[in-house]
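In: Let me see the structure of the following:
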Amino acid sequence: MAEKFLIEQAENLLRLPARPETPIVLMYTNDQRHRAEIYTEWCELRQVEEPMPVDVPSLYLDYQGIALCSPGNKRPFRLAEQNLHRRSVGARKGELARACGLNQGDLSILDACAGFGTDGLTLSMLGCPVTLVEREPLIWILLRDFARSFDNADVIFMDCRELLSLDATWDVVYLDPMFPERKKKALPNQGLQHLRYLTQDARADADLAELIQLGLSCANNRVVVKRRLKDPMVEGVNFQIKGKSVRFDIYLKK
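Out: From the prediction side, this is the model:
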């Protein structure tokens with residue numbers, strides 16, 4: 001199980017990102033000084049009375065937690081726990097839970113492309129022990145701080161390919177790669193806009209096929225891949241569960 005693996009391999013898994021060549025700016029209010037000092041290894045700390053305009057993505061820490069400051073945005077962006085609570089109501093019967101097989105019990109889940117952790121933390125609120133993996137230091141700091149209030153969620157800094165290559169197993173490996181941008185007038189939600197800005201280009205389908213195979217080597221039950229309805233399908237799908245705008249491709253362990 002993932003929980004046992006996390007305990008046995010804590011020193012390896014809970015490694016921390018190296019200090020970036022250009023440290024991440026973390027602005028903090030005076031009452032959060034001690035909490036801010038936790039991040040001195042990766043961030044340049046600046047005490048402020050309120051968030052200041054920035055030229056590059058930065059972080060802001062106050063009594064509410066860590067928020068993202070982006071160029072051109074006046075207000076910091078926060079990951080909202082209340083949105084997850086609303087999302088989790090009735091979610092056990094929704095497409096995500098059905099795709100992950102939660103009718104079989106509270107399965108251990110690896111959210112291998114965590115991002116802001118929306119799906120992984122929703123699953124943790126449904127009772128599943130979830131390991132969330134993120135490779136971008138700034139996103140990892142945001143997610144790590146946000147997930148502190150979730151008892152059964154662990155946030156790891158690592159490239160998911162490296163983690164999937166280790167000797168570990170979960171019941172479900174969940175893959176939510178960044179969707180390629182589409183030319184359309186309607187903008188995606190604010191969180192996805194920020195996530196696109198912070199991450200590299202989406203992985204190619206060939207890379208996704210590799211991730212699925214790596215996931216199957218770690219999954220006791222299945223690999224679940226989140227895709228847009230019209231996105232191409234990677235060969236080997238056992239079945240699909242479709243929603244209004246996304247679908248879940250399920251690859252069962254043989």
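
In: going forward, measure contacts between C-alpha atoms and count neighbours the same way
Out: OK.

In: how about stretch 131-147: buried residues?
Out: 131-144, 146-147 (16 or more other CA atoms under 10 Å).

In: which two in these are spaced the farthest apart?
Out: T131 and L138 (18.1 Å; CA to CA).

In: Which helix in this structure has the most residues?
Out: In the chain, taking DSSP state H as the definition, the longest helix is helix 205-218.

In: List the buried residues in it.
Out: Those would be 208, 211-212, 214-218, for helix 205-218 by 16+ other CA under 10 Å.

In: how about these in a markdown table, adding pLDDT?
Out: What follows is the buried residues of helix 205-218, written out as a markdown table (pLDDT from 0 to 100):
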| residue | pLDDT |
| --- | --- |
| L208 | 89 |
| L211 | 93 |
| I212 | 95 |
| L214 | 95 |
| G215 | 96 |
| L216 | 96 |
| S217 | 95 |
| C218 | 94 |
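
In: Closest one of those to D106?
Out: For the buried residues of helix 205-218, the nearest to D106 is C218 (17.5 Å; CA to CA).

In: list the contacts for that closest one?
Out: By CA atoms under 8 Å, 6 or more residues apart in numbering, the contact set of C218 is 164, 167-170, 173.

In: Just the ones in strands from those, please.
Out: 170, 173 (DSSP state E).

In: Can you name the next helix or strand after the longest helix of the chain?
Out: Following helix 205-218 in sequence order, the next helix or strand is strand 219-228 (DSSP states H and E).

In: Quick check: neighbours of that next one in the sheet, parallel or antiparallel?
Out: Using DSSP bridges, the strands paired with strand 219-228 in its sheet are strand 170-175 (parallel), strand 246-252 (antiparallel).

In: if you compare the ones you listed, which one is most tucked away?
Out: Counting by mean count of other CA atoms under 10 Å, strand 170-175 has the highest mean neighbour count of the strands paired with strand 219-228, with a mean of 26.

In: Now do that strand, average pLDDT.
Out: Averaging pLDDT along strand 170-175 gives 96.

In: now do stretch 246-254
Out: Regarding stretch 246-254, the rounded mean pLDDT is 95.

In: Which residues does it contact?
Out: 95-96, 99, 216, 219-229, 233, 236-242.

In: ok, 7 Å please
Out: 99, 216, 219-229, 236-242 (CA atoms under 7 Å, 6 or more residues apart in numbering).

In: same thing with stretch 128-138?
Out: With CA under 7 Å, 6+ apart, stretch 128-138 has contacts from 17, 106-115, 120, 124, 140, 152-160.
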